[in-house]
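S.K.: give me a 3D structure for the following:
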Amino acid sequence: MEKELYLKIGRPRNTCTQCGAPIADAGKHLSAIKTASGTSDQEGDEPIRQDFCSFCWANLQQREFYGFWMACREKPGIPKWQNRKARNSTILAYFDFLNQESNPENAEYLFFLSHLLMKYHVFQWVRTEPPADENGRERVIFRNTATDDEVAIEGVPLDEEHIAAIKKKVDEFLKRSIGGQEITV
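M.R.: Next comes the predicted model:
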C-alpha cells in the first residue's frame, strides 16, 4: 500500500463487521485491513478497516488481508462534564450543610468553599460589606448562579497552612462522596 492510502483507513467502529455485536467495551478485539475488491492488484483500490469480535474472527473463512492486529480500547469513562457536575453539587451540598449548622468553627470552611464554588461558577461575587458586629469581620455576599439566591458568609483570613488542611479535607470528602472517583479541588 502506498503511504497516502494509510491516511484513508477509517477509524475503529463500535460494532463487529460480521455480526454487528458491540465491541467498544470489549477492551481488545481484532482489526484487519483489506481492499474493497479483496485483491491487491487493482489500481486505486481503497483500504477498508474491519473490526471483529472474537467469535466472528475465530469463525472467519476468508482471511485475505493486508494485515491484522489486536486493537486495544479503553472502556469509555465518565464524561468530564458529569465529574464536574457531581463535584459542584457535592461541594454545594457540603457548603449548605456547614452553613445551616451556624457553628463559628465552620467559618473557615465556608469561606474556602464559597471561593471554590465561585471558581467553579456556582457562586458569583456580589459585594463585600464592612464589619457590622463586634467580631470585626466583613461579610461577603455571593449569588448562587442556579437559584439566584444570595448567600452571605463571614470573611475569614486564612494562611497557607489552614488552606492546605481544608483543601485536604475537602478532597477526602469528595472522594468518599463521589464513589471513590479521583476528583480533587
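
S.K.: what ranges in this structure fall below the confidence cut-off?
M.R.: When the per-residue scores of the chain are filtered using pLDDT under 70, the ranges that remain are 1-6, 26, 36-45, 75-82, 133, 178-185.

S.K.: how about a cut-off of 90?
M.R.: Per-residue confidence for the chain (pLDDT under 90) gives these ranges: 1-87, 89-90, 97-107, 129-139, 154-159, 162, 169-185.

S.K.: longest helix in it, please.
M.R.: Longest helix of the chain, by residue count under DSSP state H: helix 80-101.

S.K.: same question for that helix: list its buried residues.
M.R.: Ala86, Arg87, Asn88, Thr90, Ile91, Leu92, Tyr94, Phe95, Leu98, Asn99 (16 or more other C-beta atoms under 10 Å). No exception for glycine: its C-beta is placed from N, CA and C like everyone else's.

S.K.: on the three-state scheme, Lys34 is what?
M.R.: Each residue gets one of three states, and Lys34 gets strand by DSSP: H, G, I helix; E, B strand; the rest coil.

S.K.: beta-bridge partners for it, please?
M.R.: In this structure, Lys34 has the following beta-bridge partners (DSSP bridges): Ile48.

S.K.: over to Glu150?
M.R.: The residues that Glu150 bridges to, once DSSP bridges is applied, are Arg143.

S.K.: gap between it and Leu92?
M.R.: 15 Å (C-beta to C-beta, to the nearest Å).

S.K.: what's the answer for Asn83, then?
M.R.: Counting by C-beta to C-beta, the gap from Asn83 to Leu92 is 15 Å.

S.K.: likewise Thr15?
M.R.: Counting by C-beta to C-beta, the separation of Thr15 from Leu92 is 40 Å.

S.K.: strands of the chain, start to end?
M.R.: In the chain, the segments counted as strands under DSSP state E are 28-35, 47-52, 67-72, 123-129, 139-144, 150-154.

S.K.: and the second one, C-alpha only, in CSV?
M.R.: Written as CSV, here are the backbone C-alpha positions of strand 47-52 (Å, rounded to 0.1, in the frame of the first residue of the first chain):
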residue,chain,number,x,y,z
PRO,A,47,-8.3,0.2,2.0
ILE,A,48,-11.1,-0.8,4.4
ARG,A,49,-10.7,-1.3,8.1
GLN,A,50,-12.8,-4.2,9.5
ASP,A,51,-13.2,-4.8,13.3
PHE,A,52,-14.2,-8.2,14.5
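
S.K.: between strand 67-72 and that strand, find me the angle.
M.R.: For strand 47-52 and strand 67-72, the angle between their directions (axes from the mean of the first three to the mean of the last three C-alpha atoms, to 10 degrees) works out to 50 degrees.

S.K.: sweet, I'm off.
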